[in-house]
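Q: give me coordinates for this.
(4 chains, ligands or ions: 2)
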Amino acid sequence: MGWAVIEMCETFVNLDIVVPSQTRYLRLVGAIAEQLAKELDVQEDTRDTLAFHLNLALTEAVANAIQYSSAAKSTDSVRICFSVDDAYLSVRVFDHGGGFDLAALPSPEFDELRERGRGIFFIRSVMDSVQYHKTDSGNVLEMRKKIA
Amino acid sequence: MGWAVIEMCETFVNLDIVVPSQTRYLRLVGAIAEQLAKELDVQEDTRDTLAFHLNLALTEAVANAIQYSSAAKSTDSVRICFSVDDAYLSVRVFDHGGGFDLAALPSPEFDELRERGRGIFFIRSVMDSVQYHKTDSGNVLEMRKKIA
Amino acid sequence: MRAAKEVRDDRTVLSIQEDRIDAHNSGELKDLVLKTLEGGAKNVVIDLARVQFIDSSGLGALLSGYKNATLRSSGFALAGLQPRVRSMFELTRLHRVFDIYPSLQLALSA
Amino acid sequence: MRAAKEVRDDRTVLSIQEDRIDAHNSGELKDLVLKTLEGGAKNVVIDLARVQFIDSSGLGALLSGYKNATLRSSGFALAGLQPRVRSMFELTRLHRVFDIYPSLQLALSA
Ligand SMILES: Nc1ncnc2c1ncn2[C@@H]1O[C@H](COP(=O)(O)OP(=O)(O)O)[C@@H](O)[C@H]1O
Ligand SMILES: Nc1ncnc2c1ncn2[C@@H]1O[C@H](COP(=O)(O)OP(=O)(O)O)[C@@H](O)[C@H]1O
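A: Ligands and ions are numbered 1, 2, ... in the order given. Okay, the predicted model is just below:
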């Protein structure tokens, strides 16, 4: 007769990371996002999918932050903030480029075999909400995902 | 006849992370340290040991930063910076407590079965050099490890 | 990008040795496929069995290969898609565009 | 701290269900062992087979258990140490202090 002695089930997360604005860091950022998903208090069977989705969303968002900022400043770095409020995981990716109008972005035309333009589509596919706005500390892409 | 087409072997790392000053983050910090070790360009057979050693050193250092700062400010956060220069991985852990004299710290007496006092010993065992100094942005424990 | 190139009968197999394709190495993948086609390959198979993750730029590199191959009347097939990779093709409906085989072996005997 | 307690003949087995013991949960481990001894257990075995990582505070919790057990004339053994965990005992020479068995089975048949 085994019995569970004490069980902790607190959802948490508050993590800030800063990496140089270089694509070689995408792998590490993706891996950290997966690690973080594994620490979250989500159901066992959805954990691997959540890890994949966070990896993908972060990879796409940070790649854009690098690409569309680099014209501005090549010694730049990318800041990424993870946090949980209520039942949402929220991830913010900052960039220092010219910004863009996320709401005006059309969905990709699947029949046109263009090589680009699927990044935001993937982010929207795997996250529950996506917003982009300009702030005093740069532009920020904010992605939210319900985790409970 | 397969042949390697292009191979990139650049050692890199420059990662800043900030977590709340709470022990529940030790696991995540350790996991990120392991992830980072896996991204380094070290020999396959030493990678797992390096990952373990970084996990251990970070766990001990961050636990101390949390414990010996918390008297000062409980809403504090811990900042950890990873970087590579030459063939060394250097990790700095910042704290905002009263500080201590690392050089004056005696080695643990193994025959006395005291419950504490082995953290710095482990850090010294698995890293190549350890320093502690006070700076304007807080105290910093700097640990270096040769990786090439 | 680590990859192995091998000619088997009329096919040229590019086996990708990376576990991840993203904006850091997708340009190299694109170049590799292009050079292989420029080298006269007439039937290219990309073995993705080792690739556990691909992003939108990686799909773009494969689309570039597909379009180039078509222009040159070369075959262009993908093999060994892992679940996460496969899901990326399905989300963008690109699994209807590419010639996809479960494994390299099946691609070679097709 | 997730753990399972089981009485087998004259032994009380505490199976730790965590893959990691660090300053976040070592206090709970210490309390758990202390309560078990206070409850009258006379022969405690800690099964660490699932624990992949332990830090200095975790060793401290086990030392607390060891000292308490000795004071109460109870046996205190460890079983199933994984390589990383074992190396922590060796670095601090605590493997000479504790009664350590490769597996729970061997500890129970000792
Ligand atoms: N951080 C950003 N800063 C400026 N423009 C951006 C940013 N992210 C995305 N965009 C714009 O949105 C478009 C669509 O982005 P995305 O779907 O990721 O496709 P891609 O980057 O492959 O073109 C980009 O072409 C770019 O114009
Ligand atoms: N960041 C720190 N700030 C202040 N004092 C510290 C810090 N880190 C270590 N110390 C001091 O060094 C001693 C030894 O640390 P350690 O070997 O980790 O053992 P423990 O923390 O278990 O006592 C501590 O007891 C403490 O006095």
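Q: residue nearest the centroid of the chain?
A: In the absence of a named chain, this looks at chain A. Centroid-nearest residue in chain A: A:Leu58, 3.4 Å away (criterion: CA atoms, centre = their mean).
Q: let's do chain C instead
A: Per CA atoms, centre = their mean, the C-alpha nearest to the average position across chain C is that of C:Ile46, at 3.4 Å.
Q: in what helix or strand does it lie?
A: Following DSSP states H and E, one finds C:Ile46 within strand C:43-47.
Q: can you tell me the closest non-neighbouring residue to the residue nearest to the centre of chain A?
A: Leaving aside its sequence neighbours, A:Leu58 sits nearest to A:Ala33 (CB to CB, 6 or more residues apart in numbering or on different chains; 4.4 Å). Where you see a C-beta, it was placed from the backbone N, CA and C, and this is true even at glycine.
Q: run a quick neighbour tally on residue 54.
A: Assuming you mean chain A. Using other CB atoms under 10 Å in any protein chain shown, A:Leu54 has 26 neighbouring residues.
Q: not quite, go with chain C.
A: There are 28 residues near C:Ile54, going by other CB under 10 Å.
Q: likewise C:Lys42?
A: Residues near C:Lys42, counting by other CB under 10 Å: 13.
Q: separation between C:Thr12 and chain D?
A: According to CB to the nearest CB, to the nearest Å, C:Thr12 stands 44 Å off from chain D.
Q: who does that residue bridge with?
A: Note on C:Thr12: beta-bridge partners by DSSP bridges are C:Val7, C:Val44.
Q: before we move on, what about A:His133?
A: A:Val140.
Q: residue contacts, it?
A: A:Asn139, A:Val140, A:Glu142 (CB atoms under 8 Å, 6 or more residues apart in numbering or on different chains).
Q: do that again at 10 Å, thanks
A: By CB atoms under 10 Å, 6 or more residues apart in numbering or on different chains, the contact set of A:His133 is A:Gly99, A:Leu102, A:Asn139, A:Val140, A:Leu141, A:Glu142.
Q: ok, and the most crowded of those?
A: Result: A:Leu141 is most packed of the contacts of A:His133 (other CB under 10 Å), 25 neighbours.
Q: in this structure that one contacts A:Arg79, no?
A: No - contact criterion CB atoms under 10 Å: A:Leu141 and A:Arg79 do not qualify, at 11.5 Å.
Q: and for those two, which residues touch both?
A: Joint contacts of A:Leu141 and A:Arg79 (CB under 10 Å, 6+ apart) are A:Ala65, A:Arg92, A:Val93, A:Phe94, A:Asp95.
Q: among the residues you listed, which are in reach of ligand 1?
A: A:Ala65, A:Asp95 (CB under 6 Å from any ligand atom).
Q: turn the shared contacts of A:Leu141 and A:Arg79 into JSON lines, including distance to C:Ser57 and neighbour count.
A: Formatted as JSON lines, the shared contacts of A:Leu141 and A:Arg79 follow (distance: CB to CB, whole Å; neighbours: other CB atoms under 10 Å in any protein chain shown):
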{"residue": "A:Ala65", "distance to C:Ser57": "14", "neighbour count": "25"}
{"residue": "A:Arg92", "distance to C:Ser57": "22", "neighbour count": "18"}
{"residue": "A:Val93", "distance to C:Ser57": "16", "neighbour count": "25"}
{"residue": "A:Phe94", "distance to C:Ser57": "21", "neighbour count": "20"}
{"residue": "A:Asp95", "distance to C:Ser57": "17", "neighbour count": "26"}
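Q: pLDDT below threshold where in chain C?
A: The model of chain C has no residue with pLDDT under 70.
Q: before we move on, what about chain A?
A: A:1-11, A:70-75.
Q: C:Ile21 versus A:Gly99, what's the distance?
A: Counting by CB to CB, to the nearest Å, the gap from A:Gly99 to C:Ile21 is 28 Å.
Q: what residues are up against A:Lys146?
A: Going by CB under 10 Å, 6+ apart, A:Lys146 touches A:Asp86, A:Ala87, A:Tyr88, A:Leu89, A:Met127, A:Asp128, A:Ser129.
Q: and for A:Phe94?
A: By CB under 10 Å, 6+ apart, the residues touching A:Phe94 are A:18, A:65, A:69, A:76-81, A:135, A:137-142.
Q: specify which member of the residues you listed is nearest to D:Ser56.
A: Closest approach to D:Ser56 among the contacts of A:Phe94 (CB to CB): A:Val18, at 29.2 Å.
Q: returning to that earlier point: do you know how far the residue nearest to the centre of chain A is from C:Ala4?
A: Distance, A:Leu58 to C:Ala4, using CB to CB: 30 Å.
Q: how many neighbours does C:Met1 have?
A: For C:Met1, using other CB under 10 Å, the count is 21.
Q: the residue nearest to the centre of chain A: what secondary structure?
A: Assigned with DSSP: H, G, I helix; E, B strand; the rest coil, A:Leu58 falls in the helix class.
Q: for the closest residue to ligand 1 within chain A, give me phi and psi.
A: Nearest to ligand 1, among the residues of chain A, is A:Gly119, at 2.3 Å (CB to the nearest ligand atom). In terms of degrees, to the nearest 10, the main-chain angles of A:Gly119 are phi -60, psi -50.
Q: ditto for the one 3 residues further on
A: In terms of degrees, to the nearest 10, the main-chain angles of A:Phe122 are phi -60, psi -40.
Q: stretch C:16-32 near ligand 1 at all?
A: No - applying CB under 6 Å from any ligand atom, one finds stretch C:16-32 separated from ligand 1 by no less than 8.8 Å.
Q: that stretch near chain B at all?
A: Yes - legend: contact between stretch C:16-32 and chain B by CB under 10 Å from any CB of the partner chain is shown at C:Ile16, C:Gln17, C:Glu18, C:His24, C:Asn25, C:Glu28, C:Leu29, C:Asp31, C:Leu32.
Q: checking A:Leu113 next. Helix, strand or coil?
A: coil.
Q: quick check: closest non-adjacent residue to it.
A: Using CB to CB, 6+ apart, the nearest residue to A:Leu113 is C:Leu63, at 5.4 Å.
Q: the one you found: how many residues sit nearby?
A: 20.
Q: for the contacts of A:Phe94, which one is nearest chain B?
A: A:Val18 (4.0 Å; CB to the nearest CB).
Q: contact partners for C:Leu48?
A: C:14-16, C:18, C:21, C:54, C:58, C:62, C:78-82, C:85-86, C:100, C:104.
Q: gap between the residue nearest to the centre of chain A and A:Ile120?
A: With CB to CB as the criterion, A:Leu58 and A:Ile120 are 13 Å apart.
Q: again with C:Lys42
A: C:Lys42 sits 37 Å away from A:Ile120, taking CB to CB as the criterion.
Q: do A:Val130 as well
A: 7 Å.
Q: what do you get for C:Ser64?
A: Between C:Ser64 and A:Ile120 the computed distance is 20 Å (CB to CB).
Q: next one: C:Gly80
A: 28 Å.
Q: more neighbours, these two?
A: Taking neighbours as other CB under 10 Å, C:Gly80 and A:Ile120 compare with C:Gly80 leading, 23 against 20.
Q: tell me how far the closest residue in space to the more buried one that isn't next to it in sequence lies from C:Asn25.
A: For C:Gly80, ignoring the flanking residues on the chain, the nearest one in space by CB to CB, 6+ apart is C:Ala49 at 3.1 Å. Noted for C:Ala49: a distance of 17 Å to C:Asn25, by CB to CB.
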